[in-house]
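Undergrad: generate a structure from the sequence data that follows.
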Amino acid sequence: MDRYERILTLHRLLKSAHYPVPLPRLMDELECSRATLYRDIAFLRDALGAPIESGGGEQAAFRYEAGEGERFELPGLWLTSDELAALLALNELIGRSGPGVLAGALAPFKARIEGLLSDQGSGKALPIERIRVIAWGERRLDQQAFRITAGAVLERRQLRFRYRARTTNSDSRRTVSPQRLTHYRDNWYLDAWDHDREALRSFAVDRILEPHALDETAIDVADSDLNEMLSSSYGIFAGKPKAWATIRFSAHAARWVADEHWHSQQKGEWLPDGRYELQVPYSNSRELLMDVLKYGPDAEIVAPLPLREEMKIMLQLALTGYTR
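TA: Okay, the predicted model is just below:
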């Protein structure tokens, strides 16, 4: 434990203690010698102004003065090595997640993080290259459209925009009450109450055009209703589940699938022969079928029968393309 972290640990121990902390316990917690501990106590008291007082009778012990100790905080922002590592990871996530909206909108915040990391690094180069973030499937996002959409969500204002559906490529005009932004598989979605259709809908933010925040206050939908409609089925597709899919994976693929999170309500079971059976609820089969397909011959849809037949047709059509 370096001195920086020892000072932070010492501060937290003295601040949380309701009685003088014995010297042996402080030495044990800080993993240091008696002489080092006294130097740290002197630095905390004299350089940082901590209201430290000694007590405990015959055995040396220390604590913060009542009243003063409750109000005292270390100047600036102090982080442990674990917290510093988490901040370093966050810094790389912002900077290396692609030229999307976060990289632009959070650039000032990223600069502050880099300054903090530099100050706390005690002159040592921090191993930024040891953290790698790779974006996959990220679609191009208009930063201005994202900011207007996010602003309407946070300010609780209705939003009007053009929407170009990816499945049909048709344009429509929508007036919605934004509920929340969802980041799913490296892309952003707007969960909203659609006033024209009087239903909850999920919109891909990269397909939102010409957004305009209105003066009207957005209608709030209960979290339970949002989750039931937009989170109860598999993937990003809205709607209550219409069925449960049962998928069996080979013993080889089972070692990966058993540790994967497919859905909050998923059910998994190891079979006697080493295979793994996964059950997930779904309302729209498209995304589920794509995820099963990536396992190729190591995955088989067992039930329901319509979903199994749909997968069979997809595989036959794919095979046709290779036999021409």
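
Undergrad: use CA for all of it now, contacts and neighbours both
TA: OK.

Undergrad: which residues in this protein form helices?
TA: For the chain, applying DSSP state H gives helices covering 3-16, 23-30, 34-42, 68-71, 81-96, 101-105, 107-120, 143-155, 223-230, 251-257, 285-293, 305-323.

Undergrad: looking at those, spot the one closest to Arg275.
TA: Closest to Arg275 of these is helix 251-257 (CA to CA; 4.3 Å).

Undergrad: chain center to the closest one: distance?
TA: Remark: helix 251-257 is offset 25 Å from the chain centroid, using CA atoms, centre = their mean, to the nearest Å.

Undergrad: what's that helix packed up against?
TA: Where contact means 3 or more CA pairs under 8 Å, 6 or more residues apart in numbering; DSSP states H and E, helix 251-257 is packed against strand 276-282.

Undergrad: contacting residues around the strand it packs on?
TA: Contact partners of strand 276-282, identified using CA atoms under 8 Å, 6 or more residues apart in numbering, comprise 232-235, 240-251, 254, 257-258, 262-263, 265-271, 288.

Undergrad: same question for stretch 41-54.
TA: Residues contacting stretch 41-54 (CA under 8 Å, 6+ apart): 7, 11, 20, 60-65, 68-69, 72, 74-75.

Undergrad: ok, now with 6 Å
TA: When contacts are taken as CA atoms under 6 Å, 6 or more residues apart in numbering, the neighbours of stretch 41-54 outside the stretch itself are Ala61, Phe62, Arg63, Tyr64, Glu65.

Undergrad: with neighbour count added, can I get these in a markdown table?
TA: Formatted as a markdown table, the contacts of stretch 41-54 follow (neighbours: other CA atoms under 10 Å):
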| residue | neighbour count |
| --- | --- |
| Ala61 | 18 |
| Phe62 | 20 |
| Arg63 | 24 |
| Tyr64 | 25 |
| Glu65 | 17 |
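
Undergrad: and which of those residues is nearest Gln143?
TA: Of all the contacts of stretch 41-54, the one with the least separation from Gln143 (CA to CA) is Tyr64, at 49.4 Å.

Undergrad: who does the closest one form a beta bridge with?
TA: Ile52 (DSSP bridges).

Undergrad: then Lys267?
TA: In this entry, Lys267 is beta-bridged to Gln279, by DSSP bridges.

Undergrad: make 778 the starting number, not 1.
TA: Taking 778 as the first residue, the last one we looked at is Lys1044.

Undergrad: burial of it, as a residue count?
TA: Here the neighbour count serves as a burial measure; for Lys1044 (other CA atoms under 10 Å) it reads 13.

Undergrad: how close does it sit to Ile1078?
TA: Per CA to CA, to the nearest Å, Lys1044 is found 15 Å from Ile1078.

Undergrad: got it, and Gly1012?
TA: Per CA to CA, Gly1012 is found 17 Å from Ile1078.
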